[in-house]
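# kindly return the folded structure for what I paste below:
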Amino acid sequence: MQKEAEYTLFLAQVGELAERRQAMTSTYLSVNAAIVGALAFLFKDGVLPGWQQQTAVLVLFGAGIVACDLWRRLLLQYRTLLSWWYKRLHLLEAEMPECSGLIKQEYDELYATKKGRRRLGLTRYETRLTWLFTALYAAFALAITASWIL
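A predicted model of the protein is given here:
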């Protein structure tokens, strides 16, 4: 396979993975929005008796924590997978003397960790969002559990 064709194939693969990652993030945001919506309904208009409502709420909090854990794991897998493909692109660019090396340049200037500068990238922010949801679910679950005990 010619290097130019391989390069085009690699770029397409990276683009496809980035789109899949974005779709996955949108899906997990929707899952968390649905859980929060169901919780709001149970707290405001819930028709279940006390302990049944609290049990349903705890199950939803647990589901939210599990969903966030899965989301985090998938983000890390996508980061690993995308990094692998970018490394292949860097290597291929190095083998192509006529190539401008824009992918490596982009990486070096924006994503590589440099002294005194934060690394650009969405994974850190998306991961923080998963931890925010997890902390909220856990805090409310602990509060409900404490109300049962007290």
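
# who's in contact with A18?
L82 (Cβ atoms under 8 Å, 6 or more residues apart in numbering). For every residue, glycine as well, the C-beta is placed using N, CA and C.

# and the gap between it and W85?
Noted for A18: a distance of 10 Å to W85, by Cβ to Cβ, to the nearest Å.

# and A141, by the same measure?
In terms of Cβ to Cβ, A141 sits 38 Å off from W85.

# now do Y28
Per Cβ to Cβ, Y28 is found 22 Å from W85.

# those two - which one has more neighbours?
Using other Cβ atoms under 10 Å as the criterion, Y28 and W85 rank with Y28 on top: 21 against 18.

# residues near the closest residue in space to that one that isn't next to it in sequence, how many?
Using Cβ to Cβ, 6 or more residues apart in numbering and skipping residues adjacent in sequence, the residue nearest Y28 is W71, 4.1 Å away. W71 has 23 neighbouring residues, counting by other Cβ under 10 Å.

# in this protein, which helix or strand is least confident?
Here the helix or strand of the chain ranked lowest by mean pLDDT, DSSP states H and E is helix 102-106, holding a mean of 80.

# immediately after that one, which helix or strand?
helix 122-149 (DSSP states H and E).

# pLDDT of that following helix, averaged?
Per-residue pLDDT over helix 122-149 has a mean of 89.

# and E93, how far is that from L81?
19 Å.

# for this structure, give me the ranges with low pLDDT.
1, 48, 112-121 (pLDDT under 70).

# switch the cut-off to 90
Scanning the chain for pLDDT under 90 picks out 1-8, 39-57, 83, 86-87, 89-125, 140, 143-150.

# from the centroid of it, which residue is nearest?
Residue closest to the average C-alpha location in the chain (Cα atoms, centre = their mean): L75, at 4.1 Å.

# that one against R128, yeah?
No: judged on Cβ atoms under 8 Å, L75 makes no contact with R128 at a distance of 10.6 Å.

# give me the neighbour count for E19.
Residues contacting E19 under the criterion other Cβ under 10 Å number 10.
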